[in-house]
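Colleague: I need the structure of the sequence given here:
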Amino acid sequence: MADDDQTGDCSHGSANFACSPRPYDSGESVTTEYVVWSDYCVDEYMTPGTYRWEVPVAIYDAEATGTDEPTAEFDWGFSLRVERS
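Modeller: Residues are numbered from 1 along each chain as shown. As a prediction, this is how the structure comes out:
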């Protein structure tokens, strides 16, 4: 994206790169390596270190109503390690 295309609110997106839509076995995990560059919304790079995010996810049957219990629940998260190169 060229500098003149940047907006003041720094709202932008990128392609959705995620896990394949397939069944995963209980306890199975997936490791993917990405390259993180910089963000034009800030004047500096991220401080080296490990950043972790985790959120609970609930899966409901397609016919579920607002009072139905989820069919499955799990915690989804990822870690991002930032290193100086």
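Colleague: relative to Met46, how far out is the spatially closest residue to Tyr24 that is not a sequence neighbour?
Modeller: Excluding the flanking residues, the one nearest Tyr24 by C-beta to C-beta, 6 or more residues apart in numbering is Val30, at 7.5 Å. Using the backbone N, CA and C atoms, a C-beta is placed for each residue, glycine as well. In this view, Val30 and Met46 are 23 Å apart by C-beta to C-beta, to the nearest Å.
Colleague: of the two, give the one with the bigger neighbour count.
Modeller: Met46 (12 against 9; other C-beta atoms under 10 Å).
Colleague: share the number of residues neighbouring Tyr60, please.
Modeller: If we define neighbours as other C-beta under 10 Å, then Tyr60 has 13 of them.
Colleague: what pLDDT is listed against the nearest residue to it once chain neighbours are set aside?
Modeller: Nearest residue to Tyr60, sequence neighbours excluded (C-beta to C-beta, 6+ apart): Pro70, at 5.3 Å. In this prediction, Pro70 carries a pLDDT score of 91.
Colleague: what's near enough to touch Pro70?
Modeller: Applying C-beta atoms under 8 Å, 6 or more residues apart in numbering to Pro70 gives the contacts 58-60, 64.
Colleague: SS state for it?
Modeller: The local conformation at Pro70, judged by DSSP: H, G, I helix; E, B strand; the rest coil, is coil.
Colleague: now, the contacts of Pro70 that are in helices?
Modeller: Applying DSSP state H to the contacts of Pro70, no entry is found in helices.
Colleague: need these in a markdown table (columns: pLDDT and distance to Ser79).
Modeller: Converted to a markdown table, those look like this (pLDDT from 0 to 100; distance: C-beta to C-beta, whole Å):
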| residue | pLDDT | distance to Ser79 |
| --- | --- | --- |
| Ala58 | 88 | 22 |
| Ile59 | 86 | 23 |
| Tyr60 | 87 | 28 |
| Ala64 | 84 | 31 |
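Colleague: fine by me, we can end here.
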